[in-house]
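Asker: can you look at this prediction? I've put the sequence above it.
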Amino acid sequence: MSETAASCLPLTAGQLGLWFAQKIDPTSPAYNIAEYADIRGPLDPELLRRAVRQVGTEADALRVTFGERDGVPFQRVAAEIDLPVEVVDLRDRREPLAEAHRLMGEALGVTDDPATGPLIRLTLLRLADTHWFFHQQVHHLAIDGYGAALALGRIADVYTRYATDPDAEIPPFHAPLAPLLAEEHAYRESAQFTEDREFWAAYLRDMPEPGGLRDAAAPPARTAARAGRELGADWLTGLREAARSAGAGWPTLFIAATAAYLHRARGQSEVVLGLPVTTRRTDTARLTPAMVSNILPLRLTVSPSDRVQDLLRRTSRAVRTVLKHQRFPSEELRRERGLLGRRDRLTGPVVNVMAFDDTLAFGTGTATLHNLSIGPVEDMAVAAHASFADGGLRLDLLGNADLHSEADLAVHHERLVRLLNAFIADPTARLGSVGLLDDAERRRIVAAGTGTGHAATVTDGTPATTATTAIAVGADGSAVRSVPDATPLPVRFAQQVAATPGATAVVGADGTLTFAELGSRVEELAARLAASGARPGTRVAVALTRSSDLVVALLAAMRSGAAYVPIDPSYPAERTAYLLADSAPVALVSDPGTARTVD
């Protein structure tokens, strides 16, 4: 790229984090974003090149490279740039479609140098006489997903105008970066920035550590594992109807379902998801291809006793709240959490719902857009894409390949689809009653956990509170090996609730409870204990006879993080008084029959 008449500009807030991340691993291709337009109809490659040249002169973001001076990064905007469009003819290949996908996959592994550029790659793959893939790959430093779609849409529009009239005078679509940066500077000097900072400081103050499907933290892998499939138009219709019953939009349902899944998989009563936002609140931002997007932490509480509609309404309110403050940079949020320069996560799994028009026209040809990469993935991302072309829906799970295999993601994908299907079938259902496993998977896990093939029960209310080994279960549900089990009991209990919600958990003189019923009662009592001050380092006294209530109380105390102090209701009053005084519990769990003995 020529630096003749190049202008130097600061980075946007969205670019800063990516700049430092790329510097840590300069050759990592994790920061590529890519998509392709599947074009059906006649196409003139030279006319397409002409359209690309024009758009390259209009959009500054397509002409940027990056540098650093005295430790401060900047971006150069060249006065002009050559954006070649490589044409690859695959018509003589045995499987042109598979070859096209192979080539696009290989391109994702290539890292373009931000210092030299160009940072956009354009390839026209010809599969048949009237079937083409127009592939666009760009470094995330230069542009975000919204901006990439904006640039590709402009290329299609200019091509169509030239195809209609080769001599047409097309008014330029000016998209300079300077006005966008001026708006960002004005925001940082505004009262709104101060208000946003105060909001996020309060929001983050007691936020739990974001958990993912894996506890381990790792930098974005060079490649992302993926599992996904088309769900069809009926699914999207069902999701819309289920969401509408709670006064929410279908994207909210995806967010709520991901929160519920993480809760069921990890036993967390509060989850922190990542919410991608465009931050484009002005006409300048909406019309300028650039990198200004953001990912916000979204806190959601989830309980097995929640009805689907309850969670949807709560999620809708939570999303509306954080969207009011979406311009505040995520790098500032990381600073508030003390995470700069560390691998610790700001959010858990990211939920990216793409509900925008995926159709384009290239002259008389029609095209649909397909996403290949949304950029770096720390743990896992849920990507839902509604198609305007056929009214269908595609659901993908993308995972950090250093943490998740494609086989693991495929299992999670099927369970998430099962959860979404339950949301559609009955929005009034309680989350604890929703099964995530199919019958075969449930039988394999129960058999692996007991070694007998029969469901284990806690009889007469006697709680099982210790275990020294567990069976490692593979992605296919098969037992792999016995391993030391360091998983906390509340987490293992939540996993069992998720695996076998309808199975019998407790059988006693006072009745029978399924795992879903037991889980719901445990969550409710744990919330009451937490409100009374129960947390790690505190104690909860439990004065109950052997019963299902005792099982609930012991599990709830551990769920709150506190230690429990068992008090036999038959103890003499003096001993009970001594135990209470010595342990100083923050709460006492008893029933009317035993309360008299511990007053």
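Answerer: Received it, and whenever you're ready, just let me know what you need.
Asker: now for the helix or strand encompassing residue 260, which elements pack on it?
Answerer: Under the criterion of DSSP states H and E, residue 260 resides in helix 250-266. Counting by 3 or more CB pairs under 8 Å, 6 or more residues apart in numbering; DSSP states H and E, the packing neighbours recorded for helix 250-266 are helix 233-244, strand 270-277, strand 294-301, helix 308-323, strand 350-354, strand 380-386, helix 406-425, helix 489-499. Where you see a C-beta, it was placed from the backbone N, CA and C, and this is true even at glycine.
Asker: could I get the ones you listed as TSV with mean neighbour count and distance to residue 90?
Answerer: Shown next, in TSV, are these (neighbours: other CB atoms under 10 Å; distance: least, CB to CB, whole Å):
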stretch	mean neighbour count	distance to residue 90
helix 233-244	18	30
strand 270-277	22	33
strand 294-301	21	36
helix 308-323	19	43
strand 350-354	21	27
strand 380-386	23	25
helix 406-425	19	25
helix 489-499	20	45
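Asker: would you enumerate the residues in contact with residue 93?
Answerer: Residue 93 makes contacts with residue 99, as judged by CB atoms under 8 Å, 6 or more residues apart in numbering.
Asker: surely residue 277 and residue 294 touch.
Answerer: Yes. Contact criterion CB atoms under 8 Å: residue 277 and residue 294 qualify, at 5.1 Å.
Asker: list residues touching both of these two?
Answerer: When contacts are counted by CB under 8 Å, 6+ apart, residue 277 and residue 294 are jointly contacted by residue 326.
Asker: chain center to whichever strand or helix holds residue 554, what's the gap?
Answerer: Following DSSP H and E, one finds residue 554 within helix 548-559. The chain centre lies 32 Å from the centre of helix 548-559; the measure is CA atoms, centre = their mean, to the nearest Å.
Asker: what do you get for stretch 105-123?
Answerer: 25 Å.
Asker: in that stretch, what counts as buried?
Answerer: 107, 108, 111, 112, 114, 117, 118, 119, 120, 121, 122, 123 (16 or more other CB atoms under 10 Å).
Asker: correct me, but residue 291 touches residue 141?
Answerer: Yes. Here residue 291 reaches residue 141: they are 6.2 Å apart, a contact under CB under 8 Å.
Asker: quick check: neighbours shared by the two?
Answerer: Contact criterion CB under 8 Å, 6+ apart; residues shared by residue 291 and residue 141: 15, 18.
Asker: more neighbours: these two, which one.
Answerer: residue 291 (29 against 26; other CB atoms under 10 Å).
Asker: burial measure for residue 543, as a count.
Answerer: Under the neighbour criterion other CB under 10 Å, residue 543 is assigned a count of 23.
Asker: show me what it is bridged to.
Answerer: With DSSP bridges applied, residue 543 shows beta-bridge pairing to residue 590.
Asker: distance of it from residue 524?
Answerer: Residue 543 is 19 Å from residue 524, where distance means CB to CB, to the nearest Å.
Asker: how about the helices of the stretch 1-150 of the chain, start to end?
Answerer: Listed in chain order, the helices of the stretch 1-150 of the chain (DSSP state H, counting those that start in this stretch) span 13-24, 45-58, 96-107, 145-164.
Asker: so which elements touch the third one?
Answerer: Okay, so that is helix 96-107. Using 3+ CB pairs under 8 Å, 6+ apart, helix 96-107 is in contact with strand 32-40, strand 120-128, strand 131-139.
Asker: if we go to 7 Å?
Answerer: strand 120-128, strand 131-139 (3 or more CB pairs under 7 Å, 6 or more residues apart in numbering; DSSP states H and E).
Asker: now it: buried residues?
Answerer: 96, 100, 103, 104, 107.
Asker: quick check, nearest of those to residue 500?
Answerer: residue 104 (42.0 Å; CB to CB).
Asker: residue 135 is in contact with that closest one, correct?
Answerer: Yes. Shown here, residue 104 and residue 135 form a contact pair, counting by CB atoms under 7 Å, at 5.4 Å.
Asker: which residues are in contact with both of the two?
Answerer: Common contact partners of residue 104 and residue 135 (CB atoms under 7 Å, 6 or more residues apart in numbering): residue 36.
Asker: of all the buried residues of stretch 105-123, the one with the weakest confidence?
Answerer: The lowest pLDDT within the buried residues of stretch 105-123 belongs to residue 117, which sits at 84.
Asker: list the contacts for the nearest residue to that residue once chain neighbours are set aside?
Answerer: Take residue 117 and drop its neighbours on the chain: the residue closest to it by CB to CB, 6 or more residues apart in numbering is residue 65, 4.2 Å away. Residues counted as contacts of residue 65 (CB under 7 Å, 6+ apart) are 1, 76, 114, 115, 116, 117.
Asker: okay, those in JSON lines with distance to residue 231 next?
Answerer: Formatted as JSON lines, these follow (distance: CB to CB, whole Å):
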{"residue": "1", "distance to residue 231": "42"}
{"residue": "76", "distance to residue 231": "44"}
{"residue": "114", "distance to residue 231": "37"}
{"residue": "115", "distance to residue 231": "42"}
{"residue": "116", "distance to residue 231": "42"}
{"residue": "117", "distance to residue 231": "38"}
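Asker: so of those residues, which ones are in strands?
Answerer: When those are checked against strands (DSSP state E), the matches are residue 76.
Asker: wait, which of the contacts of residue 65 is closest to residue 261?
Answerer: Looking across the contacts of residue 65 and measuring by CB to CB, the closest to residue 261 is residue 114, at 36.2 Å.
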